[in-house]
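Undergrad: return a 3D structure for these sequence lines:
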Amino acid sequence: MIFEKSAVAVVSGGASGLGAATARKLTSMGACVAIFDLNVAAGEAVAQELGGVFHCVDVADPASVADGFEAVSYTHLRAHETRGNL
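TA: Have a look, this model is predicted:
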């Protein structure tokens, strides 16, 4: 699958491990990634590496998830894909 240039993929747990690998793969396929994670330093580093954005989001907290998607929507208009533990 190849994404449109304007596609935004939200990856929870994207600061490390499988989440970071997923973010890298999605970026290689053309998506812009929004990283959701509690690890600010690692999340910002991955987002910067990939030209994406980072939002500190606790996926166990529905309000935090809603705030994260609102921030992504405000920045990127819409999210096309979600990956992770949402």
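Undergrad: so where do the helices sit in the protein?
TA: For the chain, the helices defined by DSSP state H occupy 17-28, 40-50, 62-76.
Undergrad: okay, the ones you listed in TSV with mean neighbour count next?
TA: Placement of C-beta: from N, CA and C, glycine included. Converted to TSV, these look like this (neighbours: other Cβ atoms under 10 Å):
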stretch	mean neighbour count
helix 17-28	18
helix 40-50	17
helix 62-76	15
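Undergrad: and residue 49, what pLDDT?
TA: Note for residue 49: predicted pLDDT of 97.
Undergrad: which ones are touching it?
TA: Contact criterion Cβ atoms under 8 Å, 6 or more residues apart in numbering gives no residues in contact with residue 49.
Undergrad: how far away is it from residue 41?
TA: Going from residue 49 to residue 41 by Cβ to Cβ, to the nearest Å gives 13 Å.
Undergrad: and residue 54, by the same measure?
TA: 10 Å.
Undergrad: where in this protein is the helix or strand with the lowest mean pLDDT?
TA: One helix or strand of the chain scores below all others by mean pLDDT, DSSP states H and E: strand 81-83, with a mean of 54.
Undergrad: can you tell which of the helices of the chain is closest to residue 9?
TA: Minimum separation from residue 9 across the helices of the chain (Cβ to Cβ) falls at helix 17-28, 4.5 Å.
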